[in-house]
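Trainee: Just to be clear, the model below is a prediction. Sequence and coordinates:
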Amino acid sequence: MMMGDMLAAARRNAGAFEAWLAASDPGLAGQIGDAAARQGLSPAGFARAAVAEFARFAGEEDWATLVSGLRESGDPGTHCLLAMVHWRLTACACGEHGCTDLHTG
């Protein structure tokens with residue numbers, strides 16, 4: 001499944017997206033659930049925001065890391081989505097770039 005297909009499915013059926021995420025990476029699913037709840041989002045909404053914010057705010061080094069990982073991945077869509085979500089979780093957790101900074105950019 002391509003990343004766009006995953007995001008469209010998440011938009012149509014958030015419950016199925018959350019089940020897929022929990023099966024794919026239970027630890028990450030928990031982190032996303034916690035972060036999403038703090039921001040008043042569903043986990044699927046958090047994932048969609050991660051993709052949009054990565055595209056808008058990620059630095060050159062972040063993009064280079066993403067592209068490098070894509071070359072080595074057997075599932076580029078999933079790799080890309082999970083990398084962007086990890087990036088957003090990290091950005092939200094750091095003291096210098098909180099999630100509110102991402103929205104006001």
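Mentor: That came through fine.

Trainee: buried stuff in stretch 56-75?
Mentor: 57-58, 62, 66 (16 or more other Cβ atoms under 10 Å). All C-beta atoms are positioned from the backbone trio N, CA, C, and that covers glycine.

Trainee: Quick check: residue 42 vs residue 48, distance?
Mentor: Computed as Cβ to Cβ, to the nearest Å, the residue 42 to residue 48 distance reads 9 Å.

Trainee: helix or strand right after the helix or strand hosting residue 33?
Mentor: Secondary-structure element containing residue 33, defined by DSSP states H and E: helix 26-38. Remark: after helix 26-38, the chain's next helix or strand is helix 43-57, criterion DSSP H and E.

Trainee: For residue 41, give me the backbone phi and psi.
Mentor: Main-chain torsions, residue 41, degrees, to the nearest 10: phi -120, psi 160.

Trainee: same question, residue 75
Mentor: Given degrees, to the nearest 10, the pair of backbone angles that residue 75 has is phi -140, psi 80.
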